[in-house]
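The following block contains a protein sequence and its predicted model.
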Amino acid sequence: MDYWAKGCGLPRGGWYSVGVVALFIVLPFVYGNHDLLFNMMMYLALAQGINVLFGFTGYLPFGYVGFFGSGAYGASLAVLLLHLPPVLALLVGAVIAVLLALLLAPLLRLSGAYFAIASLAASEVVYYIVSNPHLESLTQGPYGISLARAYDADASYAAMVVVLALAFGVVVYLRNSHLGLALQAIREEPVSAEFAGVNVVRERTCAWLLSAALAGLAGGTYAWHVSVFYPKSVFDLNISVFAIVFTLFGGVATLLGPIVGTLLLYGLYNWIGISQPEYFQLVFGIVIVMLVLFLPNGLASLLRRVNVHVP
Amino acid sequence: MSIRPLLRFWLFAVAVLSVAFFGSTAVQAAPMPKEIRIGTLYADSGPFAVSSQSQLQGLEFWVDHVNREGGVYVKAYGRKLPVKLIAYNDRSSTTTAATLYNQLITQDHVNILAADFGSVLTSVAVPIAQEHKMLLFDQTGTGANFFTNDNPYIVLTSLPTSGIWPYALADFLKTQKQIKRAALLYATNDFTGSQAQTLRRRLQGSHVKLVFDHGVATSTSSYALLLHNVQAARPDAVIEFGFPNNDIAFLHDLQASGMKFNMVFTIFPGQLFALMEKSVGDQTLAYTYTYPTPPLLVYNKVNYGMGLNDFQQEFRQANGKDPNFLNIAGFNTGLVIQKTLQTAARLDQLALRRSIVAFSGRLHTLNGTFKIDHITGAQIGENLPVGQFIPGKHALTVRMLYPPDLATGKPVYPAP
C-alpha cells in the first residue's frame, strides 16, 4: 500500500492539514475576530473526532458533547484543585474523557439509532452528575467554573492550533494505515472483517477512545479559552449537532470532507448570523435539506462522481 | 567644538521632540465619530429568547428615544451624537455569543458593549471584554463569578447580583414572629443556588428554622411529589426559587394539589407578572409573596430619565403593549450608558468606568438607585423588596411589605 504521496514527503492529505493549520496560525494577524477563528478550529477538531468514530466505524455519537464537557471539566478542575498549569491540565481533560469513554465502551455493543440515543443519554447523565449541587465542593455543581486567573486568550488559541493539528494527524494516519482500513472494514461488514482477522472489538474501541481524547482536548482548550462557563455551556447538545452536521456535509471517512464542511457551514452560519440574521433559519434549513436530498454522502461524494480523489 | 555640529544637534533634538509631542497629541485626539455605536446581542430562539428579546426591546426603546431628541450628549466631544445600535442574534448559544461579542469589538469597533440577557450568555462576554479592555455593560447577568477585584471592565446595570436578592426576604422572615419553620425549594443553578445560599446564611441564628432544604434540576417541570415532601415538613412558609418555568410548574402543581401553606414565595410573578398571570391565573397568585420590581413597584425618587408612568405610556404607544420588568431593565441600561457618556471626560473605557463610579449611588431611575461596588462593578443599589399579591375588585394588586420605607401595608398571614 502506498502510504505516502509521491515526492511530497507527507502522508496523503498531509499537505491539506498543514495548509489549514498554517492558515489558522496566520489568520489572527490579519483578522481580529479571534473567537470566530478559535471556534472554527474547535469545530474542525470535533468534526474530525466525529469522523474518526462515525466515518471509520459507522457509530454516530449524538452524545459526543459528553466527552467535550468532561474534558472541559477535567482540565478546569486540574487547574483549580491540582493547581496544574493549563497546558498540563488539557492532558488531564483528555485523560478524563478517555476514562469516560472506557466506562461507556459497552455502548459499542449497540448499533445504529440505539447507539446514537444511548450515547446521548450517557452525555446527559454525565451532565447531571457534574452539575449536581451535592458535588459543589468538587465540580462547583451548577454554579459554573471560573478560570479567570489562568485565562490566556493567545496561549489557548495556540493550544487549539495544536489540538487541530493532532486531530488532522489522527485522521491522516487512519486514512493511510492498516488500522483505518480495518475500521472501514468493520464499518462495512463486521462479521466478514472478523473472519479476515480483524480484532473488531479492539480496533473499534481504539477508534472510540481516540475520538473521545480529541473531544476531551478540544473541551479542555475551550474551557481555558472562555474561562467562565456553566455546565450547560459545555454539555450543550448543539455542540454535538454542529460537529455531526459539519462532518456529514463535507463527507465522512475523508480528511477533507469535515474540513470543507466546517469551513463552509460554520462560515455560512456566522456570515448569515451577522449580516442577515432574519434569514438564518431559512438559508441554513435549505442548505441542509438540499444536502440530504441530493448529496447524502456529503460534498466529497460530488468530487468522487467526477473521479477526483478526496484525501 | 564648532558651532555647526552643535546647531545640528539641537535642530535634530527639537525635531525629534516635536514629532514625539505633536505625534502623541495627534494619537490622543482621536477624530470625533459620526455616531455612538452600541453593540449588544439578543436571542431569537432557545431558552433565553423570551427574556432576551424583552431586554433588547427596552434598549431599542431607549435608543429611539434619545435619537428623537437629537442623540446622546457626549461630554468628551461637547455635543450630541446619534446612537446606532448593532444587535446580533446569538440564538441562546454561548459559543455563538463569544464569536459575536468579539465581532462587535474587533470588527464593528463599537464604543459601548452591552451584554445579552442573563448570566449564561453574559459569562462568555466577561473575559472577552476584559481581554480587549472594553467596559461591559452587564444588563442582567448576576453571576457572582463575574465580579472580581482585578477586573475593572464590567458594570452590572439593572439588577443586583443574585447573592443579595434575598436580603429583604430574609429580614422580612425574621420580623415575622409567627413564622418559625420555613421550607426552601430551589432550582440548582447559579442564579437561584446563590439566593438559597444567602437565605440559609441570613436565617442562621434566627428563630426561623429551615425544616426543608432541597435543590432540584432547573429543568424540573413537576413539583407534585416534592410538594408532598414539603407538606410533611409542616412549614409555616414555603420559599421557592426558580426560573419562570420552575415558578410556573411549582404554582401550577400547588394549585392542582389543593395544598395550602400559610406563606408561599416565588420570584418571577414580581418580574414577569403578565406571563405568570397568564400561565397560572390570578387565583393561584393571590396572597403569594414575591420580589416586586417595576412596573409593579414604583420608585418615586427619580432624578434621571422618565418616571414609570411616562415610560409606560410611551412604551405602550411605541410597542402596543405594556412593558414588563425586562423592558425596563433594557431601558435602564440605556439610561446608565447615557449618564456615562454625559459625564465621562474621555471616551476611553476606563474613563467610562471612572465616571460610573463617580455617579454611582446618586443616580435614581425608574429601576431604583443605581449603585455599584466600586471595586468589582457589581450592582448593590437596586435591592429587591418583598411584596404580596392581594386580590382587588378587578385584579390583583401588590402590597409592599418590606423594607419598612417601601411598605404599603401588612402581610395577610396566614393566607386565606
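Yes, it's here.

so how far is B:His374 from the residue of chain B found nearest chain A?
Nearest residue of chain B to chain A: B:Thr106, at 3.2 Å (C-beta to the nearest C-beta). The way it works is simple: take the backbone N, C-alpha and C, and place the C-beta from them, glycine included. Using C-beta to C-beta, to the nearest Å, B:Thr106 is found at 29 Å from B:His374.

and the residue of chain B closest to chain A, how many residues sit next to it?
A count of nearby residues for B:Thr106, using other C-beta atoms under 10 Å in any protein chain shown, gives 18.

Just give the nearest non-adjacent residue to it, would you?
Using C-beta to C-beta, 6 or more residues apart in numbering or on different chains and skipping residues adjacent in sequence, the residue nearest B:Thr106 is A:Gly32, 3.2 Å away.

hmm, back to that, does the residue of chain B closest to chain A touch B:Ala129 like I think?
No. Using C-beta atoms under 8 Å, B:Thr106 is not in contact with B:Ala129; the gap is 11.9 Å.

per-residue pLDDT, B:Glu361?
Not Glu; residue B:361 is Gly. B:Gly361 carries a pLDDT value of 95.

next one: A:Asn132
In this prediction, A:Asn132 has a pLDDT value of 86.

Look up the closest residue to it, ignoring the ones flanking it.
A:Gly141 (6.1 Å).

So B:Gly409 is in contact with B:Val398, correct?
No. Counting by C-beta under 8 Å, B:Gly409 does not reach B:Val398; the two are 10.0 Å apart.

Please say which of those two ends up with more neighbours.
Shown here are B:Gly409 and B:Val398; by other C-beta under 10 Å, B:Val398 has more neighbours (20 against 13).

so where does that one fall, helix or strand?
Element membership for B:Val398, per DSSP states H and E: strand B:396-402.

And for that strand, what's in contact with it?
Residues from elsewhere that reach strand B:396-402, judged by C-beta atoms under 8 Å, 6 or more residues apart in numbering or on different chains: B:168-169, B:171-172, B:175, B:270, B:277, B:282, B:285-286, B:289-290, B:292, B:296-297, B:385-390, B:406-412.

Where strands are concerned, which of these count?
B:289-290, B:386-390 (DSSP state E).

Show the backbone phi and psi for the residue nearest to A:Asn132.
phi 50, psi -140 (degrees, to the nearest 10).

Grab the nearest non-local neighbour of A:Glu136.
A:Tyr143 (6.8 Å).

which bits of chain B sit near chain A?
B:44-45, B:88-89, B:91, B:93-96, B:98-103, B:106-107, B:119-120, B:123-124, B:126-128, B:130-131, B:143, B:145-146, B:148, B:150-151, B:188-190, B:193-194, B:215, B:217-218 (C-beta under 8 Å from any C-beta of the partner chain).

so who does A:Ala101 touch?
By C-beta under 8 Å, 6+ apart, the neighbours of A:Ala101 are A:67, A:208-209, A:211-213.

in the stretch 1-150 of chain A, which spans are helices?
A:14-30, A:34-50, A:56-57, A:65-80, A:86-104, A:112-130, A:136-139 (DSSP state H, counting those that start in this stretch).

touching chain B at all, the fourth one?
I take that to be helix A:65-80. No. Helix A:65-80 does not reach chain B (C-beta under 8 Å from any C-beta); its nearest approach is 10.9 Å.

for the chain, which spans come out with low pLDDT?
This is for chain A. A:1-10, A:277-278 (pLDDT under 70).

I was thinking of chain B, sorry if that wasn't clear
B:1-30.

What ranges does it have for its helices?
Using DSSP state H, the helices of chain B run over B:3-28, B:49-68, B:94-106, B:118-123, B:125-131, B:167-175, B:190-203, B:224-232, B:244-257, B:273-280, B:282-285, B:308-319, B:325-343, B:349-359.
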